[in-house]
Each structure stands twice: as structure tokens, then as C-alpha cells.
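>>> give me the fold of what follows.
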Amino acid sequence: MPAVSKGDGMRGLAVFISDIRNCKSKEAEVKRINKELANIRSKFKGDKALDGYSKKKYVCKLLFIFLLGHDIDFGHMEAVNLLSSNKYTEKQIGYLFISVLVNSNSDLISLINNGIKNDLASRNPTFMNLALHCIANVGSREMAEAFASQIPSILVAGDTMDSVKQSAALCLLRLNRTSPDLVPMGEWTARVVHLLNDQHLGVVTAATSLITTLAQKSPEDFRTSISLAVARLSRIVTSASIDLQDYTYYFVAAPWLSVKLLRLLQCYPPPEDAALRSRLTECLETILNKAQEPPKSKKVQHSNAKNAVLFEAISLIIHHDSEPTLLVRACNQLGQFLQHRETNLRYLALESMCTLASSEFSHEAVKTHIDTVINALKTERDVSVRQRAVDLLYAMCDRSNSKQIVAEMLSYLENADYSIREEIVLKVAILAEKYAVDYTWYVDTILNLIRIAGDHVSEEVWYRVIQIVINQDDVQGYAAKTVFEALQAPACHENLVKVGGYILGEFGNLIAGDPRSSPLVQFNLLHSKFHLCSVPTRALLLSAYIKFINLFPEVKPTIQDVLRSDSQLRNADVELQQRAIEYLRLSCIASTDILATVLEEMPPFPERESSILAKLKKKKGPSKVPDIDEARWNVNGNTEHSENTEPTNKSSPPSLMADLLPTNRPRPASYSPTILSAGNMAPSHPFTDLLNLNSSPAAGASLLVDVMSDLSTPAPTTTTTTPAATDVCEEHFSRFVCKNNGVIFENQLLQIGLKSEYRQNLGRMYVFYGNKTSSQFLSFSSSVTSSDTLKTHILPLLPPLLTVNIHTKPVDPTVEGGAQLQQILNIECVTDFSDAPVLSVQFRYGGTLQNIGVKLPVMLNKFFQPTEMTSQDFFQRWKQLGVPQQEVQTIFKAKHPMDTDVTNAKILGFGVALLTGVDPNPANFVGAGVIHTKSTQVGCLLRLEPNPQAEMYRLTLRTSRESVSQRLCDLLSEQF
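Coordinates of the predicted model:
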């Protein structure tokens, strides 16, 4: 673009700037500016017409004065007049003045638009660029209305110069951000995608930014960009730095374009085409390989560019969540950054690993870095890095390392920054509850939490302790003893007094037999804290005192004396005064039987969704909470990663999360055998990423409940046994054979995601409906349909067992734009089956009724329990299953690359235990498991023999039922 020449340097402007710089005081500067403004005003109002040079000079002076912070209220028309000049420098100053000083509501917009229109029609690339820059800088709605339909034609025209294409793409991007409803989608959308193949990388870079934004709004219109983006990315990552000299930044080829292409690919699921998917995988592997190469320069710019591409590639790997090898490699690469000397890299590595921890393929790899993360928590100087370390520990936690992680977080809590203490408290409370092996450890942990950071323990946390203790008989005595001992400390936090008062008031009788914790000792201990507490806590303690009168009649006179004291009967607080008077009268006039009835033990709390998770999400934002409570409530589909091979010990104390679906309640006589029972749907946070599970309950939702929420009736469910009158989508069905979470359906309007978990013959599926549009869905409803055969094989859990699904208000059939609904399906497998249920969704969008049918991935292998076996036991059982009807064998061609790690992951995801060292041929894969149904259990042994040379597999399955063998063989053979 032409530059201002020295001969056009405007001497008067240079002298004015020099005068301003030489001013000794603010007053002198203001005086000089006022003098110049008066001179400029007189020139503009004079009879003599100014030439272009003079107008340009004076407009420049006004612009300089404005940039010094002074108001400018004239000269706008002169700047607009400069737009009609044929000289570049004059036109440039006119556009510059307009971009800086003219707002979108100016009366001059119509005149400016005329000048811009003339320049766009001039076909002069320099003038067209100036006009496009002005449109983008102002970005007003009026400009969008005037030019939004004209700019796309300039962008895709064959005779448009490259520099103008760049400006047009970025200008259209700006208008789409400010006025998206005014940017029309037409035939140009198909043509703009082909700009990704343009020879000019500047055009490709600008077009990629535009396409990425438009694809987020209308993904189907730009789906063809996937193949072009992969092809362009492949050419960049495989090129040498000398191939793209103009776009090589410190030995990194086109880093900005690479990042933009990787972000574009994150708008879509993994490519369906095998060749395209393979090429993308090669690109990602190449990027990971280059990260391992020695740096070609010691300058920070080289490492920054190289790492920018690497982190974006890792983000794409995480987004696709379909290549176990890449996920593990990404995790290992991030693990190297955890000890990097650059703070920003450590921060980004911790943040990315939080997301990786949610993947069932990479969770175990993330866990290997636990010692490094704990060390970062203890030694990092930057509080933001320490906070990310806390997030990662929270995300990588499972039953195998929960005690270590909770202990480390408690240790760090004592010295943690006050800004993150409350968040750590919530996370410790959630982890302690979710992964407790027994209730005593949970009670100890929460009391220790209150002791360390009592000021940051919210009511939701100590409510949970109360609820769990009341609901579990076997921990009540231990809890009473523990809080009694904790209250003996000289200084106790008020939250501990609340917990102690509540538990001792209910269960103090369980420890009253010990002289050291006699009723009088308990009362004196609680009352010694009374004067130090706030009014709500004193009210709770008074309630505990009246409970003591019922539990321990021998302390009745002592407590009555306390209630009669002037400090209670004449208390300034009306609540305390009223309680003291009423409790005193109750203790005096009520008989023993009446007192026992009024003050009987609290009944178990109803089981509802936890409010602790909601509080944590509210504090951090729905997209910031690490995925332990979102994507990993049980990602394997059985139990936790390290627990899925252990048999259930029914005599041991139940785990807090042991009962996936509570079955300890009697079934009513009116048992109805419909196919599936759908819990009601609740609106969630604004729709961003469907699988954030913004309001999902935990795998052990029988305990993660909201203690204080109000009861309401469950929403009615709709289940039928006739197929839905719409095409059933099975596109992603096979992907869920070896995994339990992901997107099962997506179009331009709706995204449906699933999270599933299974324990023996029971399963729970969370279905998430995301409105991808900015408009409402009206009359939204869903139902589950099936064949009559499946109806007898999979039964619902009865409504009384669905107390966790009760919400405070019914479902609104209107789904707001960008919102998300959650639905819960509880499943019980009665006997083996082969069909799968169909989810039918119906809603109105833009006045049109939409019908969507999706085949739900409820398959027989989901009810596997893995079984560990020795080599001798395996082959002994293999021989026992030697009847021809019990064996099914198939030989098939490999559909995917024959990778050992991928095969291991798929067999584990299938649900069986992978047995190593059993088969004489170490290249073979051997597995064992048990299919659990309500009526019976079916043992299963499998053997997979790969032939890499022929790219063939032989799969052999032996079970005690022929139908099970055939069904499992059909499911598994499709995965390789």
C-alpha cells in the first residue's frame, strides 16, 4: 500500500506537534491547543475554499488533539469530504479520522456510506482496502445493513486481488460479530470454503478465521471445509521452513495459520472418511514429534510459536477424544511441561491435563503425573498455577488415589491463598464423599476440613455431613464420638459447634454409656461454646438441649435452669427468646410419651441431587469446573478405573458411591413393566459444550443429594412400545460399544450427548439436549421406544426409586436458545437381549415440527463385570465351555490401523478384564468377564488373534449362552 512520502509531510503539523512537546505546563499546552483550534475553525469557516492538502493537514491536527485527550466537536464534514479525493494520502487521513472520531450513531453515516460505496465500486485495490478497513473499524449496524451483502461477492470474486480478499474476509468477520443477523448465508458460503486452497497464505489465514466463526453458527454449511483444512494443515506441518519463507516465524512454518486451522477442526467431530481421518492423525503425530525435536533457536519467539501450535493440536486431540494413542502421547508431552522453567507453559500444561483427565483413554496416563502435580502445589510461587494444580488433582482423582489427593489438598489448605480456599473446601468435600471407602473416613475428613478452614466451609458442606450421618445407622455412633472429641479443643470453629450440636442432640445417647462422655459432660461441653456463637448457632444449640431432655431425663433440671435464666428468657433476639420460652414450657408440661413423640429422632433425609456441585459450578462458572464431576462420574461404565475388577463384598460397609441406583426400598404392588423410565428434564446453564454436564448428578447420586431443597413430584415420563414415525439415526451408535460418553447425535439445531454408567445389571444414562440456535424450541418432549422383544428384557427402575430425580419445579417445554436440558434414564437388564431402544425427540423450531429418532447405545456388553483369572483358571474354564453352541468365531478384515494400545483400550472399554500372560502367544488378546442380568449371570471368555501381515483378525468368544456369544461377537468385531 502506498506510504506517505517525505514531500507530503505537512510541515505545519510537524511544527504544531513540536510546540506541544515543548510546552512546560499543562496550562501552556491547553493554551496552544485552543489557539490552534481557533485557527482551524476560522480556516474551515472562511470564504476561501481549502485545497485537499490544507484539509488533510488540519484534519490531522484535529486527530492529534483528540488523541491527546481533548474533545473535538467540528471538522467531521471536512474529513468526509476527503473521502472523495483521488489522492491516497488525503483519502487515508479521511478514513482514519472517521474510524477514530465518528461513532455509529452519527448523522454523517449516510454520507460516509456513499463514499465507501464509491471506493468499493472503483476496483482500485488501495481504495477498496481503505474502505473495507473503515467498515471493520466502525462496525456499526448501519454499515452492516449497507455492505453485508456486497462484501461476500468481493471476497469470492475471481478478479479480486489477494490483499483485498484478506481485508474483505476480516471485514465480514467483524460484521458477523457485531450484527450476525445481517450477514446473509447464500451460495457464497460454498465458494468461500475454497479460499482454504488459495495460494496466498494471507488469504487462507483471514478466510480460516471467518470460516471458523461462521461454522460455529451454521456447521452444516461449512462441513466441506474439514477436508480442505486437513489438506492445508498437512502441507504446512510436513513442509520445511524454507518452503514457506514469507510465513515462517523463527523456524516455525505458518504458526498462526496452523493454530487457526486446528481451531476450525474443533468445530466438528472426527472425520468419518477413513483416509481423511488417517491424514489428520498423521498431522497431529507430526506436530507431537516436532515438539520432541531439539529447538532450532534459543529465542523465546521460536518456543512460543512452536508451543502455540502444539497446544492447539492437543486441544483438537482432546476434542475428538477418539484416538487413545494420541491422547496418551499428548498427556506425556504435557507431563514434560509440568516441570518446565517457563511459568506459562506449566500453567497451560496443568489446564490441558485437567481436560485430558476426563477422557477414559488418557485418565490413567494423567494419573502417572500425580507426584509432579502435588510437588507443583507445594512449591509453585504463582497462585494461578497452584490453583490449576488443585483443579488437576481434583480431575485425576479416583478411588485408587482419593485418600492421597484429599490428604494433600487438606495439607495445602492450611497455607492456601484465601482467594481459593472456599473452592478447595468444596472440592475436598466432593471428593471425600464420592470416593469414601467407608463413612468413618468421610466424617474424619470433613471434621478436619472444618478445623483447618472453618471460615470457608459453606452451609452446604456441613449439611451434607448431617444428612449422611442421619441416613446411615452404622456411622452414627462413630460420628457422635468423633465430634465429641473434636469439641474438647480449646478453640473450635462455629461450624464444628453446629455439627456437634446437631449430631450429639440426635445420637448423643450412643456414647452416653462412657463416663467420659456422660450426658452431663456432653451438655456442659456444648454449653461452654454457647456464649461464643452467633444467634443461628445458639438457636441450634437450644434445640439440641431440648433433645437432650428427651434422651437424658437426668439432665432435665440442669437444662431447665439454663432455659430459665434471664439471658435466655429476656434475650434481645426474639428467636432465641421464643425458643427458650417454648422449650421450657414443653419440658415442664409435656408427658414423657408426648415429649418422645415431639422430639423423636430425625427421619432419613430424602435423596436428591447434591447442592455442593452446584455451588462449585456457580463459583467457577459452568465451563471452568474440572471434569471429575462432569465427564468422569464413572467413565468406564462399570466402577472406577482401578476398582472395576474387584468383586463386591456385601458384608463390608457400603461405599458412599457403591449403590449406583438405590435398591434398598420396597417395590410397590403396582409394579409396571414398561421399557425405560426417564427422569424429568431440568434446564441447565447456557449451552457451550454439551458434555460439561452442567447439572448432572454423580454416579452415586443416591448420596449426592440436596439436603435443604423442597420436595416435589417427579415429572411424568413418556415411554411407548411402537417405533417412532421418523428415521432413526444410527450414525454414531457403534462408537459407543467401547465407550460410554460422547455426542450421539448432532445437526444444525440440536446436539444430543450421553453419559452412561453401569453396575452389574443396573445402568443410568444421562441424556443432554443442547439447543445450538439462538431461538427457542417450543413443545419440547422426548420418549423412549422399543420393540416388544426388548420390552421384556430391559425394565425400568420404579418411580419410588427415582427420588434423586425429583426437582423443585416441573420441566418447561420451552428450551431457550443456547440452553441445555438433562434427562436421566435408569435401566435394569432382566435377561440377555440384542435390540436397542430408540430415543424420539419432538419440538417446534421456527413454526416447523421437528422429529428426531436416535438409537440409544444400550448394549449387552454394558452389563459386563470384568473378571481377573490366572492362566490355569482361564484354560480350565475355556475347556468347560467347549460345547459347539457355546462358541462363536469370526475372521474379519481390519477396518482400522492395527495398533496394540488401541486394541487394549477397546477391549477394556468393551467391559472385560484384559488378561496378560495367559495366552502362549503374547501378540494375542485374552479377556474375561461376567454379564449380569436380573435373572442370571453369563460368564464370557474371549480371544482376539491379530495377523498384522494379512491385516486380519480372528475373534473367538465362548459363553454359557449361544445368543450371548453371537451378540457379543457381532458388537466387538465391528470395532477393529
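>>> contacts, neighbours, all on C-alpha from now
OK.
>>> just give me the neighbour total for the closest residue to residue 338 other than its chain neighbours.
Counting by CA to CA, 6 or more residues apart in numbering, residue 346 is the residue found nearest to residue 338 once chain neighbours are left out, at 4.9 Å. Counted by other CA atoms under 10 Å, the residues lying close to residue 346 total 22.
>>> what's residue 346 in contact with, if anything?
Taking CA atoms under 8 Å, 6 or more residues apart in numbering, we find residue 346 in contact with 337, 338, 339, 340, 385.
>>> quick one: secondary structure of it?
State at residue 346, reduced to three classes by DSSP: H, G, I helix; E, B strand; the rest coil: helix.
>>> now intersect the contacts of residue 346 with the helices, please.
If you go by DSSP state H, these have 337, 385 in helices.
>>> just to revisit the earlier point, with residue 352 as the reference, measure out to the residue nearest to residue 338.
Residue 346 sits 10 Å away from residue 352, going by CA to CA, to the nearest Å.
>>> and what of residue 176?
Per CA to CA, residue 176 is found 30 Å from residue 352.
>>> for the residue nearest to residue 338, give me the pLDDT.
Note on residue 346: pLDDT of 91.
>>> can you check residue 725 too?
Here the pLDDT value assigned to residue 725 is 46.
>>> again, but for the one 10 residues further on
On pLDDT, residue 735 comes in at 82.
>>> same check, this time on residue 698
35.
>>> and residue 293, backbone torsions?
phi -70, psi 150 (degrees, to the nearest 10).
>>> for residue 937, same thing?
Dihedral angles of residue 937 (phi, psi; degrees, to the nearest 10) stand at phi -120, psi 140.
>>> how many residues are close by residue 22?
11.
>>> the stretch 101-250 of the chain: strands as residue ranges?
In the stretch 101-250 of the chain, the strands defined using DSSP state E, counting those that start in this stretch lie at 248-249.
>>> so where's it uncertain?
For the stretch 101-250 of the chain, applying pLDDT under 70 flags the ranges 104-106, 240-243.
>>> for residue 271, give me its contacts.
Residues in contact with residue 271 (CA under 8 Å, 6+ apart) are 226, 277.
>>> ok, residue 533 next?
Counting by CA under 8 Å, 6+ apart, residue 533 touches residue 494.
>>> helix or strand with the lowest mean pLDDT in this protein?
strand 677-678 (a mean of 36; mean pLDDT, DSSP states H and E).
>>> could you give the separation of stretch 591-605 from the chain centroid?
Centre-to-centre, stretch 591-605 and its host chain are 45 Å apart (CA atoms, centre = their mean, to the nearest Å).
>>> do stretch 954-972 as well
37 Å.
>>> helix/strand/coil for residue 954?
strand.
>>> count of neighbours near the nearest residue to it once chain neighbours are set aside?
Nearest residue to residue 954, sequence neighbours excluded (CA to CA, 6+ apart): residue 891, at 4.4 Å. Counted with other CA under 10 Å, the neighbours of residue 891 add up to 14.
>>> next, give phi and psi for residue 849.
According to degrees, to the nearest 10, residue 849 has phi -80, psi 130.
>>> no, scratch that, I was asking about residue 825
phi -110, psi 120.
>>> please apply the same query to residue 50.
According to degrees, to the nearest 10, residue 50 has phi -80, psi 140.
>>> need the contact list for it.
43, 44.
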